[in-house]
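*Asks:* Can you look at this prediction? I've put the sequence above it.
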Amino acid sequence: MLSTETIFLLYLSSGFTIGFGHCIGMCGPIVVSVSLNLKEKNILAPQLLYHLGRIITYAILGGVVAAAGSLTMITANIDAIQKGVMIFTGALIMLMGLAMAGWIPLGKTFGNHSSPGSVISKGFGKLLKVQTTLVYLPLGLLLGLLPCGPVYTALLGAARAGMDAGSTHHGVLTGMGLMAAFGFGTVPALFLVAKLADLDWLKSRAVIYKVGAVLMIIVGVLFVAKAIRY
Amino acid sequence: MKPLIIPFSAVILTAFLLAVPGRIAAGDKYQEMINCNLHQSACTQNLAESTITLTVAPRPVKAMQDLLFQVTLSGKLPSNTKLPYIDLGMPGMNMGPNRVQLKPAGIATYEGRGVIVRCPSGRRTWQATVTIPDVGQTEFIFDVIY
């Protein structure tokens, strides 16, 4: 029997390796879209908020499956929600692509706004900046519900931990902690991908945005198509 | 700057478009690896001087449902008392550690419950790696219904 600390470490390292081996391919387009959409702005806060949201959702799911002691019982009930989230994600990536190319005016929603000169305008601009940065937290919370094989696998372990725990309370906390550790482990890989898309030499070229926007629209369409088949 | 736009865009788009059939071809490659039809019957593989039979119920084998995995050994049985186990995964894709611990369920028969998770990529080829401690391991590669 493994100790609790060892299991937490296993989840953390599992998240780390899966991040580089799986998440980059499957969820990379999302973080790259977020990164490209921010253009010249600092990606650190939005990315961290996005990942924090994702980790919170994973932790909640971990607590729920641990309390239920079953993954299949829970996923059967959130199947339609996950499909909806997948369609929403595809549509969002498409919208980000269209906005980035300047084909639709959605700049203010995702932080691509300008700060006018007056004090009031500057203050409003700062407030808007905070609000637009905070958008990435609920985005992460929602996108944490995206159907994902390794997340399901991690949830299986959380459900087992819930069954093995002495009490429901302990089981829920363990399930939440394990999934948070897993989510935390996936952050470095996804952050690295986002950072690569944030390189100055890449950002300074308008053409990259146009090409990136077209690719984002294609990826968005593929996401929606996958969601419909899911 | 302008002269660079067209070739650069062309390279990026070509790479992306080439990646799509590449992914489809990869899917086909894994389908070719299938060595077992668990929807229809049990599957058997030889390992050292033993024969390992894997059965999964209920049939057909669907993802995201509770499944009963049964492993039966025949031939020369291992002398140790360590229990066999099954690792579920996808060929060529890291889906995280998903181990089915087996318990004795009769003479040289072991059972355990597990779940094959669903991959949104749409790939349905899964593998069950059965490990018999101190003897070795063998792989059953099969199709799963989503």
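*Replies:* The structure has been received and is ready for your questions. Residues are numbered from 1 along each chain as shown, chains lettered A, B, ... in the order given.
*Asks:* CA only for contacts and neighbour counts going forward, please
*Replies:* OK.
*Asks:* What residue spans form the domains of chain B?
*Replies:* Annotated domains of chain B cover B:1-32, B:35-143 [automatic domain parsing].
*Asks:* Out of these, the one nearest chain A is which?
*Replies:* Of all the domains of chain B, domain B:35-143 sits nearest to chain A, with 4.6 Å by CA to the nearest CA.
*Asks:* one step back: most tightly packed of the domains of chain B?
*Replies:* Of all the domains of chain B, domain B:35-143 carries the top mean neighbour count, a mean of 18, counting by mean count of other CA atoms under 10 Å in any protein chain shown.
*Asks:* Helix, strand or coil: sort out B:Cys131 for me.
*Replies:* I think there's a mix-up here, since residue B:131 is Thr and not Cys. Remark: B:Thr131 carries the secondary structure label strand [criterion: DSSP: H, G, I helix; E, B strand; the rest coil].
*Asks:* rewinding a little: worst mean pLDDT among the domains of chain B?
*Replies:* Mean pLDDT per stretch puts domain B:1-32 lowest among those, at a mean of 54.
*Asks:* what kind of secondary structure is the spatially most central residue of chain A in?
*Replies:* Centrality entry for chain A: nearest residue to the mean C-alpha point is A:Gly140, 4.4 Å, by CA atoms, centre = their mean. Classification of A:Gly140 by three-state DSSP places it in helix.
*Asks:* For residue 94, give me its contacts.
*Replies:* In the absence of a named chain, this looks at chain A. With CA atoms under 8 Å, 6 or more residues apart in numbering or on different chains as the criterion, the residues that contact A:Met94 are A:Met216, A:Ile217, A:Ile218, A:Val219, A:Gly220, A:Val221.
*Asks:* my bad, the chain I had in mind was chain B
*Replies:* Applying CA under 8 Å, 6+ apart, the residues contacting B:Asn94 are A:Ile18, A:Gly21, A:His22, A:Pro150.
*Asks:* top of those residues by neighbour count?
*Replies:* Counting neighbours by other CA atoms under 10 Å in any protein chain shown, A:Pro150 leads these with 26 neighbours.
*Asks:* Chain A contacts on chain B?
*Replies:* Residues of chain B lying near chain A by CA under 8 Å from any CA of the partner chain: B:5, B:9, B:12-13, B:64-66, B:93-98, B:115, B:117-122.
*Asks:* what about stretch A:221-230, average pLDDT?
*Replies:* Averaging pLDDT along stretch A:221-230 yields 83.
*Asks:* check which helix or strand covers the residue lying closest to A:Met176 once chain neighbours are set aside.
*Replies:* In this structure, A:Met176 finds its nearest non-sequential neighbour in A:Ala59, 4.1 Å apart by CA to CA, 6 or more residues apart in numbering or on different chains. When elements are assigned from DSSP states H and E, A:Ala59 belongs to helix A:44-68.
*Asks:* what's the following helix or strand after that helix?
*Replies:* Next along the chain after helix A:44-68, taking DSSP H and E as the criterion, comes helix A:71-100.
*Asks:* Give me the distance from that following helix to the chain's centre.
*Replies:* Its chain's average C-alpha position is 11 Å from that of helix A:71-100, according to CA atoms, centre = their mean, to the nearest Å.
*Asks:* Please identify the buried residues of it?
*Replies:* For helix A:71-100, burial by neighbour count (16 or more other CA atoms under 10 Å in any protein chain shown) applies to A:71-72, A:75, A:82-100.
*Asks:* rewinding a little: with respect to A:Leu49, which of the domains of chain B lies nearest?
*Replies:* domain B:35-143 (24.6 Å; CA to CA).
*Asks:* What is the linear distance spanned by the closest one between its boundary residues?
*Replies:* Terminal residues of domain B:35-143 are spaced 9 Å apart (CA to CA, to the nearest Å).
*Asks:* mind checking the SS state of the most centrally placed residue in chain B?
*Replies:* Per CA atoms, centre = their mean, the C-alpha nearest to the average position across chain B is that of B:Gln127, at 1.2 Å. On the three-state scheme (three-state DSSP), B:Gln127 is labelled strand.
*Asks:* Could you export the domains of chain B to TSV, including columns for distance to A:Leu44?
*Replies:* Output for these, formatted as TSV (distance: least, CA to CA, whole Å):
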stretch	distance to A:Leu44
domain B:1-32	26
domain B:35-143	28
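*Asks:* Between those domains, which one is closest to A:Ala67.
*Replies:* In terms of CA to CA, the element of the domains of chain B nearest to A:Ala67 is domain B:35-143, at 17.1 Å.
*Asks:* on that earlier part again, now flag whichever of the contacts of B:Asn94 is closest to chain B.
*Replies:* Nearest to chain B among the contacts of B:Asn94: A:Pro150, at 4.6 Å, using CA to the nearest CA.
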